[in-house]
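**Q** Based on what follows, work out the 3D shape:
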Amino acid sequence: MIPGCPTLAVRRHGEAWNRPFVSVIWPYYETEGDPLNRITSLESTDSDLVALAITPDRDNDQYEIPYGRYTVLNATDPTKAHKVAGDIGFRGIYGVTGEGRGRSLLYLGRGYALRSGRYGLESANGELMTASLVVEDGRLTVSCDADALLYAPPVAGKRIELRARGSDTWQAAQVVDRTSDAVCYRIPEGIDTAVRNK
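**A** Below you'll find the model as predicted:
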């Protein structure tokens, strides 16, 4: 332990695999105030899932908090499908969603699928993966350590193109499936793949 450094120790009885938990550590300067407004446990019928809704303080302009609401998910069985807060679908060990302020975020930390609102990420090959999707000002950026399926709302008369990090070349994305409310694209493994409508 470092002298003068805040310390938190948590001890729970029982196996962590059978009783998961989530902690929120959000550093801040005392002079700027607490950037969080509310942390709420979300209802779940699954004892092997913990889900929290985190709402930043919108009146605190000292912090640049990119999303208006976060959902943090922690489960013990990555193969089990979970439904949380109405529109969040999750199969994984750890996941985070962010919504609001004109932005969306999906982060899947070791899992098979995460969907929230109009967007989703899923393993294309049925293997565990880590993946993220950031949507900002109509631009999408995907990072994944295995091939992924991206679910996005259709844009009439346009197709999705991909550009790998460091490349100047845009290529048409492979369409896997199409419905009235979403188009599913195959995204190759890579970091910071840019996605655009053309």
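**Q** Tell me where the protein has helices.
**A** With helices called from DSSP state H, the chain shows none.
**Q** what stretches of it score poorly on pLDDT?
**A** 1-22, 26-36, 45, 57-67, 156-157 (pLDDT under 70).
**Q** can you rerun that using 80?
**A** 1-39, 43-47, 56-68, 85-86, 100-102, 138, 155-159, 197-198 (pLDDT under 80).
**Q** Against Gly120, how distant is the closest residue to Arg115 other than its chain neighbours?
**A** Spatial nearest neighbour of Arg115, excluding adjacent residues (CB to CB, 6 or more residues apart in numbering): Gly89 at 4.2 Å. Quick note: C-beta positions are derived from backbone N, CA and C, even for glycine. For Gly89, the distance to Gly120 (CB to CB, to the nearest Å) stands at 7 Å.
**Q** what do the two both touch?
**A** Common contact partners of Gly89 and Gly120 (CB atoms under 8 Å, 6 or more residues apart in numbering): 113-114.
**Q** who's more crowded, the two?
**A** Gly120 (21 against 15; other CB atoms under 10 Å).
**Q** could you list every residue that touches that one?
**A** Gly120 neighbours (CB under 8 Å, 6+ apart): 89, 106, 113-114, 149-151, 182.
**Q** Just the buried residues of these.
**A** Listed as buried from these are 106, 113-114, 149-151, 182; burial here means 16 or more other CB atoms under 10 Å.
**Q** which among those residues gets closest to Arg159?
**A** The shortest approach to Arg159 among the buried ones among the contacts of Gly120 belongs to Leu150, at 13.2 Å (CB to CB).
**Q** does Lys83 really touch Leu73, like I thought?
**A** No - Lys83 lies out of contact with Leu73 (CB atoms under 8 Å); the separation is 11.1 Å.
**Q** Identify the contacts common to those two.
**A** Joint contacts of Lys83 and Leu73 (CB under 8 Å, 6+ apart) are Phe90.
**Q** Between these two, point out the one with more neighbours.
**A** Leu73 (28 against 14).
**Q** For Arg163, see how far away the more buried one is.
**A** Taking CB to CB, one finds Leu73 at 30 Å from Arg163.
**Q** same deal with Thr76?
**A** In terms of CB to CB, Thr76 sits 37 Å off from Arg163.
**Q** again, but for Gly86
**A** 34 Å.
**Q** tell me which residues form a beta bridge with the closest residue to Ala182 other than its chain neighbours?
**A** Closest residue to Ala182 apart from its sequence neighbours, by CB to CB, 6+ apart: Tyr151 at 4.7 Å. Applying DSSP bridges to Tyr151 gives these bridge partners: Gly120, Cys184.
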